[in-house]
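Build the 3D model from these lines:
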Amino acid sequence: MDFNLYTVLEVSPGATSQEIKLAYKRLAVLYHPDKNPGNTQAEERFKLINAAYQTLSNPTKRARYDQRLQYQRDQERMAQQQQPYYNPRYHTTRPPASVSERHYHARPVHSKRFSRKDLYITITFTTCILLFSLLLKVVMDHVTGEDKYKTALSYIEGGKYSSAHSLLTDAIHFLPKHADAYLTRASLEMNVYENYAAAVRDINRAIIFQEDVKAETLYMRGKCHLKLENYEQAEADLQQALKMDSTLYAPHLELGEVRLFYLNEPQIAIKDFNAFLNYSNGGEKWVTALTYRGFGYYKLGNYQASEADYREVLQTDQSNGRVFYLLGRTEIVQQQQDSACVHFNKAYRLGYSAALLELRANCL
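Next comes the predicted model:
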């Protein structure tokens, strides 16, 4: 039997507290030093019984002791199970085998050379990474460019032209083939900054990237060439715009202007003004077209038609000093000096200073 506190009190490990208490009283009386004077063994046994009772009578100490006792038993059981492996009688008595019996062979040395298969795998992996990176960059550039372009459009609506121009430049950086961004920036350069050379460059880029070149695009470029005094190129662009879109009538005004003032073709210019006036009915451009046509008739010697156009303009705009001046010149040619002087005087009073020379020459 194993020696432990339960064996000291001569009880089983499953004994109740009452059984332990009764066992302690019985053994304490039996081994008490007063009943065994001079017996050292009985005295030691009494001390051991007392210590055992102090532990087993306390539930907390007993539980802790039971855990230690169980752990010791588990260790002893494992030692018994492993004992045969350490028992000398199980050891073999045969001497170790010789080298020839062990059949030693040289271990094969694996080559560390970079094989063709490894090369193909590396190339494929690297190519996939590069393609993925390129695709990611293209997608991100497209998203960023479109976002900046749309923001620029909202800025233009709000009158923030400088910020819109910067955003359009950024959009073109991310999307170098964005035709609409080029055209929008060209519109700002034309109408806000009056940088017509830059506008022509942007329009040319837009034409390259447009799948179908629109008539409005050529019309824009034609107006820029007119401002840059590239009259033949302006005429070509405006004519091409009209050929591409028969419903577009606005280019007739600029085309007539080019032919009348710079290419000295007043008769053809009058046809352009007629085409414009057929679709226009009032407004600033209508006044301009009618005035230009009157001047074209003047250059052709058709003074009555010229005078009729000028008078029609003055019926809607009595503050146009230039038209009063032109009407006066037409009347001078027709020997209507008194009426001409009246109109020169009105032109001068409206701030058209060139009329003063005519007044001094013809009316004083």
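
where does the stretch 1-150 of the chain have low pLDDT?
Residue ranges of the stretch 1-150 of the chain with pLDDT under 70: 1-2, 82-112.

longest single helix anywhere in this structure?
Longest helix of the chain, by residue count under DSSP state H: helix 116-157.

helices and strands around that helix, which ones?
helix 161-174, helix 179-191 (3 or more CB pairs under 8 Å, 6 or more residues apart in numbering; DSSP states H and E). Just so you know, the C-beta spots here come from the backbone N, C-alpha and C atoms, and that holds for glycine as well.

how about 6 Å then?
On a contact count with 3 or more CB pairs under 6 Å, 6 or more residues apart in numbering; DSSP states H and E, helix 116-157 meets helix 161-174.

what does the helix it packs on contact?
Residues from elsewhere that reach helix 161-174, judged by CB atoms under 6 Å, 6 or more residues apart in numbering: 141, 144-145, 148-149, 151-152, 155-156, 181, 184-185, 188, 192.

now with 10 Å?
Residues outside helix 161-174 that contact it (CB atoms under 10 Å, 6 or more residues apart in numbering): 137, 140-158, 160, 178, 180-189, 191-193, 202, 205.

Give me the buried subset of these.
145, 148-149, 151-152, 155-156, 178, 181-189, 202, 205 (16 or more other CB atoms under 10 Å).

ok, back up a step: what's the angle between the longest helix of the chain and helix 179-191?
If you take axes from the mean of the first three to the mean of the last three CA atoms, to 10 degrees, helix 116-157 sits at 40 degrees to helix 179-191.

what angle separates helix 116-157 from helix 161-174?
Going by the same axes, to 10 degrees, helix 116-157 makes 160 degrees with helix 161-174.

How far away from the center of its chain is helix 116-157?
Between the centre of helix 116-157 and the centre of its chain there are 11 Å (CA atoms, centre = their mean, to the nearest Å).

Work out for me the element the residue nearest to Val342 when sequence neighbours are not counted sits within.
In space, and not counting its chain neighbours, Val342 is closest to Gly328: 7.9 Å by CB to CB, 6 or more residues apart in numbering. In the assignment (DSSP states H and E), Gly328 maps to helix 321-333.

Would you map the helices across the stretch 251-364 of the chain?
Remark: helices assigned in the stretch 251-364 of the chain by DSSP state H, counting those that start in this stretch are 251-257, 266-279, 284-300, 303-316, 321-333, 337-349, 355-362.

What is the second one packed up against?
Secondary structure elements in contact with helix 266-279, counted by 3 or more CB pairs under 10 Å, 6 or more residues apart in numbering; DSSP states H and E, are helix 231-244, helix 251-257, helix 284-300, helix 303-316.

contacting residues for the nearest residue to Ser280 once chain neighbours are set aside?
Counting by CB to CB, 6+ apart, Ser280 lies nearest to Trp286, which is 4.5 Å off, once chain neighbours are set aside. By CB under 10 Å, 6+ apart, the contact set of Trp286 is 253, 276-277, 279-280, 312-313, 316.

doesn't Asp272 make contact with Ala289?
Yes - the pair Ala289 / Asp272 is scored as a contact, 8.8 Å apart, by CB atoms under 10 Å.

Same drill for the two, tell me which one is more crowded.
Taking other CB atoms under 10 Å, Ala289 and Asp272 do not tie; Asp272 has more neighbours (28 against 24).

Distance of the residue nearest to the more buried one when sequence neighbours are not counted relative to Met220?
Residue nearest to Asp272 in three dimensions, not counting chain neighbours: Gly256, with 3.3 Å by CB to CB, 6+ apart. Separation of Gly256 from Met220 (CB to CB, to the nearest Å) stands at 18 Å.

and what of Leu300?
31 Å.

out of those two, which sits in the busier spot?
Met220 (23 against 14).

So which residue is dead centre in this protein?
Thr144 (3.3 Å; CA atoms, centre = their mean).

so Thr291 touches Asp309, yeah?
Yes - assessed by CB under 10 Å, Thr291 is found in contact with Asp309 at 7.1 Å.

okay, and the common contacts of those two?
Common neighbours of Thr291 and Asp309 (CB under 10 Å, 6+ apart) are 273, 323, 326.

Could you export the residues you listed as JSON lines, including distance to Tyr231 and pLDDT?
Formatted as JSON lines, the shared contacts of Thr291 and Asp309 follow (distance: CB to CB, whole Å; pLDDT from 0 to 100):
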{"residue": "Phe273", "distance to Tyr231": "17", "pLDDT": "91"}
{"residue": "Val323", "distance to Tyr231": "25", "pLDDT": "93"}
{"residue": "Leu326", "distance to Tyr231": "22", "pLDDT": "94"}
